[in-house]
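# when you get a sec, could you give me coordinates for this:
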Amino acid sequence: MGRRSERLSKQGMLASDLAGEGDVIQVVSRAFDVLRCFEGHEARLGNLEISSRCGLPRSTVSRLTHTLTRMGQLVYLPRDQKYRIGPSAVAMSTSMMKGLQLRNLIRLRLQDVADQLPGTVGFVIPDRYHLVYLEFARAANALGLHEGTGSRISMTSTAAGFAYTAALDTDVGDALIAEMEREIPESAGQLKLRIEENRRHLREHGYVVGCGTWSPHINGCAVPVWSPQYQTFVVVTIGLLAAMFDEKRLHQEVAPQMLELGVAIGGLLEGAEGDIFANRIERKPLPVTAHNNKIIKTEDTNELEAGARRARSARSVRARDGRR
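Reported below is the predicted structural model:
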């Protein structure tokens, strides 16, 4: 009973924070909004550009960039009168990248799928109203989609975003959409219109598709996977040319492979100890899929004795901390 109360409390806290009722320190939140504007190490932005990107007054941006520069998070370039990511921010990200074994294994899993499908396969994590590529793999003959590590994609118009928001508990997902409606109303409408259908499809099939919603030339399929390290969902996703893979082919040919990938990645995450960036774990064989698209384990070992639980499909995970 105590664990259940704690679980519900966490979900309630998350929902209230998303609804703007939590004890959020605005200056900290805005500082991160400024840093998010710099999507690449080489990005150079002035205060006016930053103000336009994050929707903050220029005077506020000026104070924030001054403080972030003093902290080493940004560097001011007098000749250009612009800022770029500073050494302290790079050092922080570098420390998170130590011990890349697990990520290398994830990349190998992505490549397994990319070798079979002519698209870009990604492993993405949520960042406010976007998802960020942590790893990706691309078929040699992939066309039309060239996202890479560090690329940011919209949560409101992509298959990955549809899968992530559909996987959240209803109250948490609704609170997130409500915040989007306040902050990015022009984008939130598309997600709100299809959220119930996305939730239904995820419950019944374990994945979500997005056809032409991000680009009329790209169709996508995505599977959410629970990350015990970060207590949130991550997503495995693939983008393919719509001219080659219509919605029917997504369901028939792509979805089964993405479900297998989701199980494989989930197994790596649940079997890992500690941080996602620094783990020692062996590569395991991909599970196989039966004709009815049910996931079958390739070994029948006791999960607790093996020390690494297999991931459940998104429709069957236990409801806790924002999970279905």
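
# separation between Pro256 and Gly266?
Between Pro256 and Gly266 the distance is 16 Å, computed by Cβ to Cβ, to the nearest Å. No exception for glycine: its C-beta is placed from N, CA and C like everyone else's.

# in stretch 238-252, which residues are buried?
Ile238, Gly239, Leu240, Leu241, Ala242, Phe245, Leu250, His251 (16 or more other Cβ atoms under 10 Å).

# and which of those is nearest Leu48?
Using Cβ to Cβ, the shortest approach to Leu48 within the buried residues of stretch 238-252 belongs to Gly239, at 32.8 Å.

# helix, strand, or coil at the closest one?
At Gly239 the chain is in strand, as set by DSSP: H, G, I helix; E, B strand; the rest coil.

# related to what we said a few turns ago, compare Pro256 and Gly266 (neighbour count), which wins?
Gly266 (25 against 19; other Cβ atoms under 10 Å).

# how far is the helix or strand hosting that one from where the chain is centred?
In the assignment (DSSP states H and E), Gly266 maps to helix 255-271. Centroid separation for helix 255-271 versus its chain: 15 Å, with Cα atoms, centre = their mean, to the nearest Å.

# residues near the residue lying closest to Gly220 once chain neighbours are set aside, how many?
Nearest in space to Gly220, with sequence neighbours left out and distances taken as Cβ to Cβ, 6 or more residues apart in numbering, is Ala159 at 3.2 Å. As a burial measure, Ala159 scores 28 neighbours (other Cβ under 10 Å).

# any idea how far Ile125 is from Ala159?
From Ala159 to Ile125 the distance is 15 Å (Cβ to Cβ).

# how much space is there between the nearest residue to Thr149 once chain neighbours are set aside and Thr60?
The spatially closest residue to Thr149, leaving aside those adjacent along the chain, is Tyr133, at 5.5 Å (Cβ to Cβ, 6+ apart). Tyr133 sits 29 Å away from Thr60, going by Cβ to Cβ.

# go on, Glu135?
35 Å.

# what about Cys54, how many residues nearby?
17.

# in contact with it, which residues?
Counting by Cβ atoms under 8 Å, 6 or more residues apart in numbering, Cys54 touches Arg30, Asp33, Val34, Arg36, Cys37, Val61.

# now compare those residues and name the two farthest from each other.
Arg36 and Val61 (12.7 Å).

# same for the helix ranked longest in the chain, what does it pack against?
The longest helix of the chain (DSSP state H) is helix 185-205. Packing contacts for helix 185-205, counted by 3 or more Cβ pairs under 8 Å, 6 or more residues apart in numbering; DSSP states H and E, involve helix 159-167, helix 170-183, strand 208-211.
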